[in-house]
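S.K.: When you get a sec, could you give me coordinates for this:
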Amino acid sequence: MRVVVIGATGHIGTFLVPRLVALGCEVITVSRGQREPYHNLGDWKAVRQVSLDRDAAETAGEFGREILALRPDAVVDLICFTPESNRQLVDALRGRVQHFLHCGTIWVHGHSVEVPTPESAPRRPFGEYGIQKAAIERDLLFEARQRGFPATVLHPGHIVGVGWVPLNPAGHFNPAVFGTLARGEGLALPNFGLETVHHVHADDVAQGFERALTSWRAAVGEAFHLVSPAAVTLRGYAEAVAGWFGQEARLSFLPFETWREGVAEEDARATWEHIARSPNCSIEKARRELGYAPRYTSLQAVRESVDALVRQGVVTMS
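M.R.: Numbers count the residues shown, from 1 in each chain. Reported below is the predicted structural model:
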């Protein structure tokens, strides 16, 4: 099977491409060619790499035709963010591919009513990213169920892995929070620290895409969550991180509007984006239909990344 992976040198593609090669697929990667994969995990020499500026090609109305010219059996789109971008690709590929896999996001849910949230929950997204991704999902599932386009949508949580900074126990991406906990210093959390975040290791996301690709009958016309087995609360997350360094978390709790006055505005915005949603998603459908079996819990995935940040000197204990 010839598989074209769009956005293959990012977090997910770094792990997905070697998996596809190991399956015996002929893999063609499409990216702007501006960076190497995060890790050399497999034989990228067996991979054909195509440099293509998606934005420029879409503006010219050529992106879909450029992908079709690669003669794919399956297409994995990891970097589509607007319905218009998605439609251009679907229009070009309709009737010409066996499988089309789109990378969504658990933010399509917005606020949850019941948790863990199943894929069948009504969509109530807010914020441009979640709204646009929900619209793409809606379009693709309509195409699959009403017009026979072989689409699958896979929704990752907060992706982590060695090479980038995880979403931290304060709900933002400043690595200093990990250092604060490692040194046993006091850390303020918003509200009561009971909002949730739901991580997933990038290799587990890649596993989900692989399982969907090899489970065509179960996957087409469906959406699936790709997250760890369980979300974590900010408070529990902070206590676990402190424990990794032999410390007891010294936590305090402040109303969000008070808490935000003590952090950078960028960090406060990121925290609000995450705790306002407090995702907690079920993977039962992916387990049952695809055989999805994440190797990492949320805390295991984060710890691997934090250990790397310590080795790099990004997180310090002094």
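S.K.: Point out the other helices and strands that the biggest helix by length in the chain packs with.
M.R.: When the chain is parsed with DSSP state H, its longest helix is helix 128-147. Applying 3 or more Cβ pairs under 8 Å, 6 or more residues apart in numbering; DSSP states H and E, we find helix 128-147 packed against helix 83-93, strand 99-103, strand 151-156. In this view, the C-beta of every residue, glycine as well, is placed from N, C-alpha and C.
S.K.: which one of those lies closest to residue 185?
M.R.: strand 151-156 (31.9 Å; Cβ to Cβ).
S.K.: highest average neighbour count across the helices and strands packed on helix 128-147?
M.R.: Across the helices and strands packed on helix 128-147, averaging neighbours per residue (mean count of other Cβ atoms under 10 Å) puts strand 151-156 on top, at a mean of 27.
S.K.: That one - which strands sit beside it in the sheet, and in what orientation?
M.R.: Next to strand 151-156 in the sheet, as set by DSSP bridges, lie strand 99-103 (parallel), strand 223-226 (parallel).
S.K.: Those: which one's closest to residue 266?
M.R.: The minimum distance between residue 266 and these falls on strand 99-103, with 24.9 Å, by Cβ to Cβ.
S.K.: What mean pLDDT does the closest one get?
M.R.: For strand 99-103, the mean per-residue pLDDT is 98.
S.K.: That strand versus helix 128-147: what angle between them?
M.R.: Strand 99-103 runs at 160 degrees relative to helix 128-147, counting by axes from the mean of the first three to the mean of the last three Cα atoms, to 10 degrees.
S.K.: how about the helices in the protein?
M.R.: Under DSSP H, the chain gives helices at 11-23, 54-59, 63-68, 83-93, 128-147, 176-182, 202-213, 216-219, 234-244, 256-259, 265-275, 284-290, 298-311.
S.K.: give the contact list for the residue lying closest to residue 249 once chain neighbours are set aside.
M.R.: The shortest distance from residue 249 to any non-neighbouring residue, by Cβ to Cβ, 6 or more residues apart in numbering, is to residue 242 (3.9 Å). Going by Cβ atoms under 8 Å, 6 or more residues apart in numbering, residue 242 touches 181, 182, 184, 248, 249, 250.
S.K.: repeat that with 7 Å
M.R.: Residues counted as contacts of residue 242 (Cβ atoms under 7 Å, 6 or more residues apart in numbering) are 181, 184, 248, 249.
S.K.: my guess is residue 282 contacts residue 225, does it?
M.R.: Yes. Taking Cβ atoms under 7 Å as the definition, residue 282 is a contact partner of residue 225 at 6.4 Å.
S.K.: Neighbour count: the two, which is higher?
M.R.: residue 225 (26 against 19; other Cβ atoms under 10 Å).
S.K.: hey, what's that one bridged with?
M.R.: residue 155.
S.K.: Pull up the gap between it and residue 151, please.
M.R.: Distance of residue 225 to residue 151, computed by Cβ to Cβ, to the nearest Å: 16 Å.
S.K.: Please report how far the nearest residue to residue 118 once chain neighbours are set aside lies from residue 109.
M.R.: Spatial nearest neighbour of residue 118, chain neighbours left out: residue 282 (4.9 Å); criterion: Cβ to Cβ, 6+ apart. Remark: distance between residue 282 and residue 109 (Cβ to Cβ) = 11 Å.
S.K.: cool, residue 46 as well?
M.R.: With Cβ to Cβ as the criterion, residue 46 and residue 109 are 38 Å apart.
S.K.: Then residue 55?
M.R.: Distance from residue 55 to residue 109, by Cβ to Cβ: 28 Å.
S.K.: Point out where the stretch 1-150 of the chain drops to low pLDDT.
M.R.: Where the stretch 1-150 of the chain drops to pLDDT under 70, the residues are 34-43.
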